[in-house]
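Student: Make a model of this:
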Amino acid sequence: MDIWESAKILGRRWYVVVPIVAVFAVAAIFVSGQIDPEYRASASMVILPRPTDDGALFQARGADGPSNPLDYLGGQTTLTSIELIVGTEETRAELAAAGFSPAYSISVDAKDPLMLVEVLDRDPVVVQATVDELTIKVQEELDTLQASVGAPTSDLLEIHVLSQNQLPTEDYGSRMRIRIILAVLGLLAATGAALLVEAWSTGRARRAERERDETDRPDESEPTDAQPTDLDTVQPTESTDDAETMGAHFHAEDEPERELVAAPGSSQGLASPATDRDRRG
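Tutor: Model (predicted):
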C-alpha cells in the first residue's frame, strides 16, 4: 500500500480520523499548558593573561617568549581541557548536591579560544546562580592546571566573561516537544483506526457477496436417499402374439385338447401327426 492509497483511505474514513485527531489536539494543548516553562541563561568566556599591576591587560613579552606552558598550548587547547573536566558526571553531581542545576552544556569554539556555557532549569534563580558557579568552577580548574605545570605568577592566565545573560529567558521548547509528540501519536492512531475500519468493511462486503452468490446458484445435486415408488416400477407384460404366430399348443387339465392349425403356406397339403392320430382314433 503506497502513500496515495493510504491518503484515499484516510479521506474515505474521515469520520474516524477527525475525532481521533481532535482528541489528541485537545490533549496536546491541555497537557502542554500544565508544564511550567523552562528558563535558559548563557555566558561566553575567554582565557586572557592577568592584568599587570599598573592595570594593563597584556604584559610585555620578553625575548624568550611567555614563561607559562599553557600559553604555549594556546587558549583553545586549554579551554578544551577545562571543558572535559567540568563536563563530567562527577562535577554535575557535585553541583546538583550544592543546589545548582546539573542541566548545563559547555562547548568550545572550533576556531577561536572561546567557551560557551548554557544552563537550563525551571527556576530562573537557580539558572543564574548556576551560570555564576560555572564561571568560578572554570577559573578554579584553570588555576589547578597552571599550578600543575608550574606557571610563574607573572604569567598566570585567567577567565574573562565576555557576555552574560543577566536575566534568564523563558524557553518553551518542552511544551513544543509535548505538542509535537502528541500530534504524531494522534496521526498514527487515526491512521491505524482508519485502516482497521477499511479492512473490516472490505471483508464484510466480500462475505456478503459470497453469500449472495451461493444463494443465487441453482441446486443441481440429486438426493441420494430417494426411494423408487410404485409409479416408477414398470410391471412386465406377457405377449401372446408370438405364441399364436408359431402355433404353440398349451394344455389345461379341465379343457379338452385343442388343435392348432398352422397358417397356410408352402406345406399346407401335408397332414400333421396329431391330425392323423385323431382320425384313427
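Student: What is the end-to-end distance of stretch 27-45?
Tutor: End-to-end distance for stretch 27-45: 43 Å, by Cα to Cα, to the nearest Å.
Student: Averaged pLDDT, it. What do you get?
Tutor: For stretch 27-45, the mean per-residue pLDDT is 84.
Student: And for stretch 208-221?
Tutor: pLDDT averaged over stretch 208-221 gives 72.
Student: List the buried residues of the helix or strand hosting residue 45.
Tutor: Using DSSP states H and E, residue 45 maps to strand 38-49. Across strand 38-49, burial judged by 16 or more other Cβ atoms under 10 Å covers 38, 39, 40, 41, 42, 43, 45, 46, 47, 49. For glycine as for every other residue, the C-beta is placed from the backbone atoms N, C-alpha and C.
Student: can I get these in a markdown table with distance to residue 31?
Tutor: Putting the buried residues of strand 38-49 into a markdown table (distance: Cβ to Cβ, whole Å) gives the following:
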| residue | distance to residue 31 |
| --- | --- |
| 38 | 16 |
| 39 | 20 |
| 40 | 22 |
| 41 | 26 |
| 42 | 28 |
| 43 | 33 |
| 45 | 38 |
| 46 | 42 |
| 47 | 45 |
| 49 | 53 |
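Student: from the residues you listed, which is closest to residue 216?
Tutor: For those, the residue nearest residue 216 by Cβ to Cβ is residue 38; the value is 69.3 Å.
Student: just checking, residue 118 is part of a helix?
Tutor: No: going by DSSP: H, G, I helix; E, B strand; the rest coil, the assignment for residue 118 is strand, not a helix.
Student: now residue 106: how far from residue 96?
Tutor: Counting by Cβ to Cβ, to the nearest Å, the gap from residue 106 to residue 96 is 16 Å.
Student: The two: which has the busier surroundings?
Tutor: residue 106 (20 against 13; other Cβ atoms under 10 Å).
Student: quick one: contacts for the more buried one?
Tutor: By Cβ atoms under 8 Å, 6 or more residues apart in numbering, the contact set of residue 106 is 83, 86, 87, 115, 116, 117, 134.
Student: Residues in a beta bridge with it, which ones?
Tutor: On the basis of DSSP bridges, residue 106 is bridged to residue 117.
Student: Please, which helix or strand holds residue 93?
Tutor: helix 89-97.
Student: what's in contact with that helix?
Tutor: Identification of contacts with helix 89-97 by Cβ under 8 Å, 6+ apart yields 85, 101, 102, 104, 130, 133, 134, 137.
Student: wait, isn't the fourth one in contact with residue 120?
Tutor: To tie it back to what came earlier, the one meant is residue 104. Yes: in this structure residue 104 lies within contact range of residue 120 using Cβ atoms under 8 Å: 7.2 Å.
Student: can you pull out the helices in the protein?
Tutor: Along the chain, the segments classed as helices by DSSP state H run 3-12, 14-34, 69-73, 75-86, 89-97, 124-149, 173-216, 241-246, 273-280.
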